[in-house]
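*Asks:* Predicted model and sequence below, questions to follow.
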Amino acid sequence: MAHHFWTGERVTLRAVEPGDAGTYFKYGADYDDEADRCCDEIHFPTSHDGMVRRIEAMSAGEPANDEYLWIIENADRIAVGNINTFGCSRRNGTFRYGLGINRAYWGRGYAKDAIRLILRYYFFELRYQKVTAFIYAFNERSIRLHESLGFQPEGRLRRAVYTDGQYYDELFYGMTKEEFERMYPAGAVSAAGNAGGCEMSGSRAAPGGREEEV
């Protein structure tokens, strides 16, 4: 049995490494632009050198205000996605996150496992008390994922997102620490975190070849 906090039932979360540029993080024709529709926007193309510089800077950076980006690896140590926290407020005990899973690895439970690891860390190690996920209304996979995790719908911002020639609503889903504890009792959460070894929502902080299937 593994005793690594960042290892769940299906995935392990790790830091960004310089070697991720051009392997996990894609550029040019290999980049899955359609992924950006689900949690951000379609960006201008990125050069290889620009991507390398960005990933090297990310790998050398330190967490700021509890905001961080993890690479999601499966049991075969293949980088299948990423998850990042942002909008962290220590005063209010609230935070947000975004995640992306490579299109080839949708539907394998990787997003759900990664989210549980992040919530466990922020609720039980950093003393946060509430998480919010922002989901575009057309992203039905992400909606189903968050509802299956126990997130509660909290609101709708009408016509807040413009992509592919149309305006879409943005949905707010939230979960408190108490709701997480009821959904995942301490023993079950700890066991999942020590096992070993969708998918996107929110604001994605780094480009890669992944699509939003949450």
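*Replies:* Sure, I can see it. Just so you know, these numbers come straight off a predicted model, no measurement behind them.

*Asks:* So which residues of this structure form strands?
*Replies:* 11-14, 69-74, 79-89, 94-102, 130-136, 152-163, 166-176, 200-201, 210-211 (DSSP state E).

*Asks:* Mean neighbour count, these: which tops it?
*Replies:* Mean neighbour count, computed with mean count of other CB atoms under 10 Å, is highest for strand 200-201 among these, reaching a mean of 32. C-beta here means a position set from N, CA and C on the backbone, and glycine is covered the same way.

*Asks:* Now tabulate the strands of the chain in CSV and tack on distance to residue 182.
*Replies:* Supplementary listing: these in CSV, determined by distance: least, CB to CB, whole Å:
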stretch, distance to residue 182
strand 11-14, 23
strand 69-74, 26
strand 79-89, 22
strand 94-102, 19
strand 130-136, 14
strand 152-163, 12
strand 166-176, 9
strand 200-201, 22
strand 210-211, 31
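
*Asks:* In CSV: those, plus mean pLDDT and distance to residue 41.
*Replies:* Shown next, in CSV, are the strands of the chain (pLDDT from 0 to 100; distance: least, CB to CB, whole Å):
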stretch, mean pLDDT, distance to residue 41
strand 11-14, 98, 26
strand 69-74, 96, 18
strand 79-89, 96, 16
strand 94-102, 94, 13
strand 130-136, 96, 11
strand 152-163, 96, 7
strand 166-176, 97, 12
strand 200-201, 54, 13
strand 210-211, 33, 15
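
*Asks:* between those, which gets nearest to residue 116?
*Replies:* strand 11-14 (9.7 Å; CB to CB).

*Asks:* what distance separates that closest one from the centre of its chain?
*Replies:* 12 Å (CA atoms, centre = their mean, to the nearest Å).

*Asks:* Which residues does it contact?
*Replies:* By CB atoms under 8 Å, 6 or more residues apart in numbering, the residues outside strand 11-14 that reach it are 4, 6, 70-75, 77, 80, 83, 110, 113-114, 117-118, 197.

*Asks:* check contacts around the nearest residue to residue 161 once chain neighbours are set aside.
*Replies:* Nearest non-adjacent residue to residue 161, counting by CB to CB, 6 or more residues apart in numbering: residue 168, 4.5 Å away. Residues near residue 168 by CB under 8 Å, 6+ apart: 136-138, 159-162.

*Asks:* Tell me what the residue lying closest to residue 77 once chain neighbours are set aside is bridged to.
*Replies:* Excluding the flanking residues, the one nearest residue 77 by CB to CB, 6+ apart is residue 12, at 7.8 Å. On the basis of DSSP bridges, residue 12 is bridged to residue 7, residue 73.

*Asks:* What separation do you get for residue 12 and residue 6?
*Replies:* 6 Å (CB to CB, to the nearest Å).

*Asks:* And residue 67, by the same measure?
*Replies:* 17 Å.

*Asks:* looking at the strands of the chain, which is closest to residue 185?
*Replies:* That would be strand 166-176 among those, by CB to CB, at 15.0 Å.

*Asks:* Partner strands of the closest one, with direction?
*Replies:* By DSSP bridges, strand 166-176 pairs with strand 130-136 (antiparallel), strand 152-163 (antiparallel).

*Asks:* Quick one: distance of the shortest one to the chain centre.
*Replies:* Relative to its parent chain, strand 130-136 has a centroid offset of 11 Å by CA atoms, centre = their mean.

*Asks:* Report the backbone C-alpha coordinates of that strand in CSV.
*Replies:* Only the C-alpha atoms of strand 130-136 are listed here, as CSV (Å, rounded to 0.1, in the frame of the first residue of the first chain):
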residue,chain,number,x,y,z
LYS,A,130,-15.7,26.0,0.7
VAL,A,131,-14.8,25.3,-2.9
THR,A,132,-16.6,26.7,-6.0
ALA,A,133,-16.5,25.4,-9.6
PHE,A,134,-17.5,27.4,-12.6
ILE,A,135,-18.9,25.4,-15.5
TYR,A,136,-20.1,26.6,-18.9
